[in-house]
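**Student:** Just to be clear, the model below is a prediction. Sequence and coordinates:
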Amino acid sequence: MIFRTARRPAGTVQYLWRTQSLASVWPADPAEWHTPAVDAVCDAFLFGTACLEQSCRLLGEHRARVGVPLDDARADIAIGALAVRATGPVRAQAVDALTIGWTTYTVDRLAARTARDPLTECASLGYLASRLEEVYAEAALNDENVAETHVLVVVGTRPATDRLVAQTRMITLHSALRYAFVGGETFVSVGGGRVAALTVRAQPRLPDSLAVLCSELRIARSERRLPASRLWLLQLPRQRTEIGATLRELLA
């Protein structure tokens, strides 16, 4: 495996990496940039060690822990790979491994939260993350594509500053979902005036359920229990490693 066209000292590589990253893509406190995982990644790049994937995963976990968005973390390690003159396949391997580390940390953190929202009785994002892991594992056994078999139905309304009003709106959204979907779907309380249901895309009753949901939302608006609301389908990714990005999109 060829990592570079010319050897550069580790200190030089790290200096070039940090300087270019801080000047172009790094979004956080510069003091957060360096971590022991950076040293390990530099060594793996320079000397072709077998631990490149593991060190990049650890760096991805660190970037997630300090709040660096995934796209910025990916751009950062790509700069490191260029600084060491890594080949295209090695750059791709590093970026992919960092992505797995970042996503794993993010999903584990979400899964550590309480499993159910006491207000709406919907599951939390942490539970959804765990449920999606199960769905992807089952799909792998059955040689299925989760992006084709499942979908997230998301309903949102304008968040309210008044706590009682906000709670009433969340309960209304939750009730609309429960009324429309009666086949064992996973209901999730996202927060910020938003709830979702993980459901099977191919089920024959999905169009009818969506029609009932739209009707329930119209009734709630006509009765002034909700302001304007929005209903949309969130596509699930093909790869399990992209679950974290999907949860971020759900929160956005």
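**Tutor:** Received the coordinates, thanks.

**Student:** out of everything not next to it in sequence, what's closest to Gln203?
**Tutor:** Counting by C-beta to C-beta, 6 or more residues apart in numbering, Gly183 is the residue found nearest to Gln203 once chain neighbours are left out, at 6.9 Å. Every residue, glycine included, has its C-beta placed from N, CA and C.

**Student:** now that neighbour: how far from Ala31?
**Tutor:** From Gly183 across to Ala31, the span is 51 Å (C-beta to C-beta, to the nearest Å).

**Student:** all helices of the stretch 101-250 of the chain, in order?
**Tutor:** Under the criterion DSSP state H, counting those that start in this stretch, the stretch 101-250 of the chain contains helices at 125-141, 146-149, 163-180, 206-222, 243-251.

**Student:** Include distance to Ala81 and mean neighbour count when you put those into CSV, please.
**Tutor:** Output for the helices of the stretch 101-250 of the chain, formatted as CSV (distance: least, C-beta to C-beta, whole Å; neighbours: other C-beta atoms under 10 Å):
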stretch, distance to Ala81, mean neighbour count
helix 125-141, 28, 17
helix 146-149, 29, 16
helix 163-180, 44, 18
helix 206-222, 43, 15
helix 243-251, 21, 18
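
**Student:** Go through those helices and name the closest to Ser24.
**Tutor:** helix 243-251 (21.7 Å; C-beta to C-beta).

**Student:** same question for the closest one, mean pLDDT?
**Tutor:** In this model, helix 243-251 carries a mean pLDDT of 81.

**Student:** CA atoms only: put it into PDB for me.
**Tutor:** What follows is helix 243-251, C-alpha atoms only, in PDB (Å, rounded to 0.1, in the frame of the first residue of the first chain):
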ATOM      1  CA  ILE A 243     -27.700   6.500  10.600                       C
ATOM      2  CA  GLY A 244     -26.100   9.400  12.600                       C
ATOM      3  CA  ALA A 245     -26.400  11.700   9.600                       C
ATOM      4  CA  THR A 246     -30.100  10.800   9.300                       C
ATOM      5  CA  LEU A 247     -30.800  11.600  12.900                       C
ATOM      6  CA  ARG A 248     -29.100  14.900  12.500                       C
ATOM      7  CA  GLU A 249     -31.300  15.700   9.500                       C
ATOM      8  CA  LEU A 250     -34.300  14.700  11.600                       C
ATOM      9  CA  LEU A 251     -33.300  17.300  14.200                       C
END
